[in-house]
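A.B. asks: Turn this into a structure:
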Amino acid sequence: MRLGVKHQNQFQIVHADFSGGLNTSTSVDGIAENQLARATNVEVDHATGKLKTVAGTIDVLKVENLFGAAYDEINQKFLLVDKAKLVYVFDHKTNALSNAIGVLSGTLYPICTSWEDGLLIASGGKLQYFNGENLLTIENSPTATNVCVQAGRVLVMDANNLYLSGVGDETNWLEDANIDSSAKFLEVGYKDGGELVSMVSLPSGVILMKNNRRVYRLNIGFPAWSLVEISHNTEVSERLSICAVADLVFVLGRNEVQNIQAANIYGNAKAQNIAILIESEVKKVSKNSLLRYVPKLNQVWILNGEFVLIFDLVTKSWYKRQFNSQILDVISTTSKVICGSLPTSSKSAASSSTAIFCTIKLLYRFAT
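C.D. replies: Numbering: from 1, shown residues only. Below you'll find the predicted structure:
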């Protein structure tokens with residue numbers, strides 16, 4: 001039986017593939033059949049190409065004045081930082097929150113990396129170390145705006161220099177030219193007119209970003225190490241606007257999101273803008289936005305208040321997610337994806353006369 005329609009020449013079209021994701025670069029009539037003019041709170045099913053609603057959240061914990069968060073994979077604990085820079089330990093298995101165990105040495109959002117029995121923390125002051133129980137400040141360390149680990153050394157940076165600890169010792173920052181395993185320091189891009197903004201550790205080396213669009217790669221094997229410039233046209237917004245996925249580096253600029261294939265690169269690496277189709281959305285993103293890799297979802301997130309731009313690493317396409325409050329950070333554990341959420345309305349702030357209560361949210365599909 002023919003379907004009843006208003007006009008006899010009218011017919012239905014069924015699309016089952018939306019793996020092209022969001023495309024706001026042209027009119028609705030100009031996008032491809034597998035693309036979407038709007039893609040909010042949906043993501044693609046990799047098996048079928050069809051759309052599915054994103055997972056919801058459940059509230060796990062309410063805390064006061066949340067400033068930052070980090071996850072210690074070794075001890076399977078969260079570190080939560082309030083606006084006074086006090087640090088607390090949150091056990092997500094029992095939902096227990098400790099008393100303050102210390103205070104950040106700096107004022108910047110903490111950047112952390114796993115090391116030995118815990119977590120190294122850089123916040124713009126002295127390097128700090130969480131060993132699973134206590135927060136220790138390494139008083140003889142250089143000022144650290146960022147931290148990573150490579151070849152058994154701890155690497156920290158300030159605006160001008162990169163510092164490498166002695167091999168296997170996060171407390172050894174004394175350089176000795178006669179001892180290869182002692183601490184070292186390096187001027188990255190000597191007199192190139194820029195300052196170091198961020199860095200990220202890859203299996204093949206350390207990528208260093210400067211505010212003059214120059215990118216360097218350090219291969220550590222002292223004394224046979226090398227520092228090469230691999231790009232001079234990659235803009236990074238801020239120290240948190242970079243993340244690594246295997247040997248790919250994703251970088252957020254003012255109007256673009258670029259990725260760099262950094263494996264086995266000894267000359268210039270081609271930086272590719274992967275956000276051409278959503279340039280209008282990227283322009284709305286704050287320069288302080290965080291880039292985060294979410295392994296459990298195989299996605300890269302750009303956190304921008306209540307909205308998150310999502311890059312699907314399987315389909316190489318963009319989607320958008322809207323929360324009902326500002327998302328401070330997203331952290332992926334082996335079984336969960338957890339978000340830190342800030343209140344966005346005066347009503348939320350009025351819920352307490354002494355503090356603004358923030359919420360740790362769990363994406364329920366990974367709850368255990």
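
A.B. asks: how about low-confidence regions in this structure?
C.D. replies: Low-confidence segments of the chain, defined by pLDDT under 70, span residues 1-14, 222-223, 263-268, 344-357, 363-368.

A.B. asks: Tell me which stretches of it form helices.
C.D. replies: Secondary structure of the chain (DSSP state H): helices at 279-282, 346-349.

A.B. asks: Residues contacting the first one, please?
C.D. replies: Read it as helix 279-282. When contacts are taken as C-beta atoms under 8 Å, 6 or more residues apart in numbering, the neighbours of helix 279-282 outside the stretch itself are 22, 24-25, 252, 255-257, 275, 302, 309, 318, 320. The C-beta positions use only the backbone N, C-alpha and C, and glycine is treated the same way.

A.B. asks: Mind checking which residue lies nearest the centre of this structure?
C.D. replies: In the chain, the residue lying closest to the centroid (C-alpha atoms, centre = their mean) is Arg292, at 2.6 Å.

A.B. asks: Please give me every residue in contact with that residue.
C.D. replies: Remark: with contacts taken as C-beta under 8 Å, 6+ apart, Arg292 is in contact with 243, 300-301, 303, 329-331.

A.B. asks: next one: His46
C.D. replies: 314-315.

A.B. asks: For Ala246, give me its contacts.
C.D. replies: Applying C-beta under 8 Å, 6+ apart, the residues near Ala246 are 202-203.

A.B. asks: go on, Ser181?
C.D. replies: Ser181 makes contacts with 166-167, as judged by C-beta under 8 Å, 6+ apart.

A.B. asks: any idea how far it is from Ile220?
C.D. replies: Between Ser181 and Ile220 the computed distance is 12 Å (C-beta to C-beta, to the nearest Å).

A.B. asks: again with Leu208
C.D. replies: Here Leu208 is placed at a distance of 12 Å from Ile220 (C-beta to C-beta).

A.B. asks: With Asp72 instead?
C.D. replies: Distance from Asp72 to Ile220, counting by C-beta to C-beta: 24 Å.

A.B. asks: gap between the two ends of stretch 59-71?
C.D. replies: Using C-alpha to C-alpha, to the nearest Å, the gap from the first to the last residue of stretch 59-71 comes to 18 Å.

A.B. asks: Name the residues of that stretch that are buried.
C.D. replies: For stretch 59-71, a neighbour-count test (16 or more other C-beta atoms under 10 Å) marks 60-61, 63-71 as buried.

A.B. asks: One more: stretch 138-151?
C.D. replies: Of the residues in stretch 138-151, those with enough neighbours to count as buried (16+ other C-beta under 10 Å) are 138, 141-151.

A.B. asks: Who has more neighbours out of Leu208 and Ile220?
C.D. replies: Set side by side, Leu208 and Ile220 give different neighbour counts by other C-beta atoms under 10 Å, the larger being at Leu208 (26 against 18).

A.B. asks: from what I can see the more buried one touches Glu195, true?
C.D. replies: No: contact between Leu208 and Glu195 fails when scored by C-beta atoms under 8 Å: they sit 11.0 Å apart.

A.B. asks: who touches the nearest residue to Asp45 once chain neighbours are set aside in this structure?
C.D. replies: Take Asp45 and drop its neighbours on the chain: the residue closest to it by C-beta to C-beta, 6 or more residues apart in numbering is Lys52, 5.1 Å away. Contacts here follow C-beta under 8 Å, 6+ apart; on that basis Lys52 touches 42-45.

A.B. asks: From the residues you listed, keep the buried residues only.
C.D. replies: The neighbour-count criterion (16+ other C-beta under 10 Å) marks 42-44 among these as buried.

A.B. asks: okay if I get these as JSON lines plus distance to Ser204?
C.D. replies: JSON lines is the format used below for the buried ones among the contacts of Lys52 (distance: C-beta to C-beta, whole Å):
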{"residue": "Val42", "distance to Ser204": "35"}
{"residue": "Glu43", "distance to Ser204": "30"}
{"residue": "Val44", "distance to Ser204": "30"}
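
A.B. asks: so what's the residue nearest to the centre of the chain bridging to?
C.D. replies: Per DSSP bridges, residues listed as beta-bridge partners of Arg292: Trp301.
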